[in-house]
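Chemist: need coordinates for the below:
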Amino acid sequence: MDEIDISKAIIEDFIKNFLDNLTVDVAIIGAGPSGLMCAYRLAQSRIKVAVFERQLRAGGGMPGGGMMFNSIAIQKDILGLFGELGISVRKYNEQIYVANSIETISALCYQAIKNGARIFNLMSVEDVVIRTDKICGIVINWSAVNWSKLHVDPLVVKAKFVVDATGHDAEICRIFEKKMEKKLITPTGSVAGEKSMWAEEGEKQIIRNTKEVYPGLFVCGMAANAVFGSPRMGAIFGGMFLSGEKAADIIKEKLTSLHR
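Modeler: From the prediction side, this is the model:
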């Protein structure tokens, strides 16, 4: 077994996948629970989707569970979804079930990839591409370049739709605000910032907040609550999964209308 052959195998396989995903139907930024759920549902419909994650590992805040206890809480109404993904759950009371956070994110990654989604970790998004008042791509660079503050020019991924699933910071919407001098489709026209903890209300509002906030740009997960100024909800994750599903459903309808 030659070390150069090992190196060539890795490089050639990665480059092939990377080149194939420079043009996609949907680019999702953030491989947390909502972003991965969105990717899974889109990939199930044979939609070409790539997920870009700035960190080494996928999962967002989910692997840490609640305060580094790697258990998460979910609501009864998403038990069917967890069953579909093959995730074990345990009943705590009539409303709350618990699951292992590592098993949950591993199952979601596995199912998303097996259905055709591509996940690129250690890649950061530093800008968006706008043509004729519609977001139509993202500008990416290696995360290590940004962390090291190196002056290295980025590359572009073309996408029909972009999803901000970057969590509490709503990074893509904030980039949009800073660089484009245009208003988001929100009550304030800008990122309101998330409010303090209120699990029940945050779980309700996250579904309502999952929507298109500028032509071609969608928000889901905690990014949606951050953009619209809704509460955070801590280590209960039903709303995150349902938000990712809703974003996928809206995008599927938009793609269908494009092809009519």
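Chemist: mind checking the SS state of V156?
Modeler: Here V156 is recorded as strand under DSSP: H, G, I helix; E, B strand; the rest coil.
Chemist: any idea what it is bridged to?
Modeler: In this entry, V156 is beta-bridged to V139, by DSSP bridges.
Chemist: pretty sure F52 contacts V125?
Modeler: Yes: contact criterion Cβ atoms under 8 Å: F52 and V125 qualify, at 6.0 Å. (Each C-beta comes from the backbone N, C-alpha and C, glycine too.)
Chemist: who has more neighbours, the two?
Modeler: Shown here are F52 and V125; by other Cβ atoms under 10 Å, F52 has more neighbours (26 against 23).
Chemist: contact partners for that one?
Modeler: A27, I28, I29, G30, A31, F120, M123, S124, V125, I138, I140, V157 (Cβ atoms under 8 Å, 6 or more residues apart in numbering).
Chemist: pLDDT on stretch 150-170, on average?
Modeler: For stretch 150-170, mean pLDDT is 97.
Chemist: send the alpha carbons of that stretch over as CSV?
Modeler: This file holds the C-alpha atoms of stretch 150-170, laid out as CSV (Å, rounded to 0.1, in the frame of the first residue of the first chain):
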residue,chain,number,x,y,z
LEU,A,150,-4.9,35.0,6.3
HIS,A,151,-5.5,37.1,3.2
VAL,A,152,-6.7,34.3,0.9
ASP,A,153,-9.3,34.9,-1.8
PRO,A,154,-12.5,32.8,-1.5
LEU,A,155,-14.4,30.7,-4.1
VAL,A,156,-18.1,30.8,-5.1
VAL,A,157,-20.9,28.2,-4.9
LYS,A,158,-23.9,28.9,-7.1
ALA,A,159,-27.3,28.0,-5.7
LYS,A,160,-30.9,28.6,-6.5
PHE,A,161,-31.7,29.0,-2.8
VAL,A,162,-29.6,29.6,0.3
VAL,A,163,-30.6,28.5,3.8
ASP,A,164,-29.2,30.3,6.9
ALA,A,165,-29.1,27.5,9.5
THR,A,166,-26.2,29.0,11.5
GLY,A,167,-27.9,29.1,14.8
HIS,A,168,-28.0,31.9,17.4
ASP,A,169,-25.8,34.2,15.4
ALA,A,170,-27.8,34.1,12.1
